[in-house]
Every structure is written in C-alpha cells, then in structure tokens.
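J.: quick check, what structure comes out for this input:
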Amino acid sequence: MSIDASEAFNNNGTPIALLTIVTDSFHAVFKIQIDEIDLFSGVLEAAWEDRKSLQIGHCSGSSAFWCSNANEINILIGHDDESWSICFTLPHSALSQISDALDSLRKRLTKR
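T.: Down below sits the predicted model:
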C-alpha cells in the first residue's frame with residue numbers, strides 16, 4: 001500500500017491536500033481541506049456498528065465518510081454514509097500512515 005499527500009488548490013486558490021491511496025485493489029485520490037486533517041484522529045472512534053462516521057474530504061466529486069469496525073477502516077463515498085456508491089476498506093494501521101502524510105504536508109504548508 002502506498003499513501004501520499006501532496007498540495008493542490010481548490011477553486012478559490014486555497015491550498016488543499018490531495019491524499020492518494022494506492023493498493024493492489026484500488027487507486028483513490030481524496031481532496032482534503034487543511035482544516036479537516038485533525039478529524040482523522042476520530043476515525044477509530046466512529047464505529048459503524050453505532051452508525052457513526054466522519055465526513056472528511058471528497059473523492060470523485062462526492063463526499064467521503066470514514067468509519068471503523070473491529071478490524072478495518074471503511075471509506076464510504078457518495079451522497080451520504082447510508083446511500084454511498086463506493087466503499088474501500090483499509091487496515092487500521094493505514095490510519096497512522098494517512099495522518100503522518102497529511103501532518104507532514106501541513107507542516108510544509110505552514111512553513112511558507
């Protein structure tokens with residue numbers, strides 16, 4: 001699995017993060033607002049069995065909802081977290097890689 005965060009800009013010229021996740025099964029790019037980065041710290045507590053999720057970023061023009069179960073992170077992409085169109089799963093260990101990549105990008109952006 002490869003996880004990377006790079007800088008991009010939204011339509012207003014504001015910096016955003018492009019979070020790229022590549023596995024043997026899929027390749028996905030998420031647009032994450034810089035002020036959304038800290039939300040990833042709550043993904044493991046957003047238990048799907050309790051019908052909780054966190055809306056963090058967008059993928060392919062739709063909202064991305066992040067939640068967790070006993071063994072995996074679920075990323076639900078669609079109108080909402082009940083009627084999503086695409087679901088990706090990642091091991092819990094991927095969350096630290098995601099956070100590290102986004103934190104590193106945020107540090108680079110704030111040094112400017």
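J.: R108: neighbour count?
T.: Around R108 sit 12 other residues, with neighbours defined as other CB atoms under 10 Å. C-beta: built from backbone N, CA, C; applies to glycine.
J.: check contacts around it.
T.: Applying CB atoms under 8 Å, 6 or more residues apart in numbering to R108 gives the contacts E7.
J.: A101 versus that one, what's the distance?
T.: Going from R108 to A101 by CB to CB, to the nearest Å gives 11 Å.
J.: what of I16?
T.: 14 Å.
J.: same thing with I34?
T.: I34 sits 13 Å away from A101, taking CB to CB as the criterion.
J.: wasn't A94 part of a strand?
T.: No. Under DSSP: H, G, I helix; E, B strand; the rest coil, A94 sits outside any strand and is assigned helix.
J.: got a list of what the residue nearest to F9 when sequence neighbours are not counted touches?
T.: In this structure, F9 finds its nearest non-sequential neighbour in P15, 6.0 Å apart by CB to CB, 6 or more residues apart in numbering. Applying CB under 8 Å, 6+ apart, we find P15 in contact with E7, A8, F9, I34, L109.
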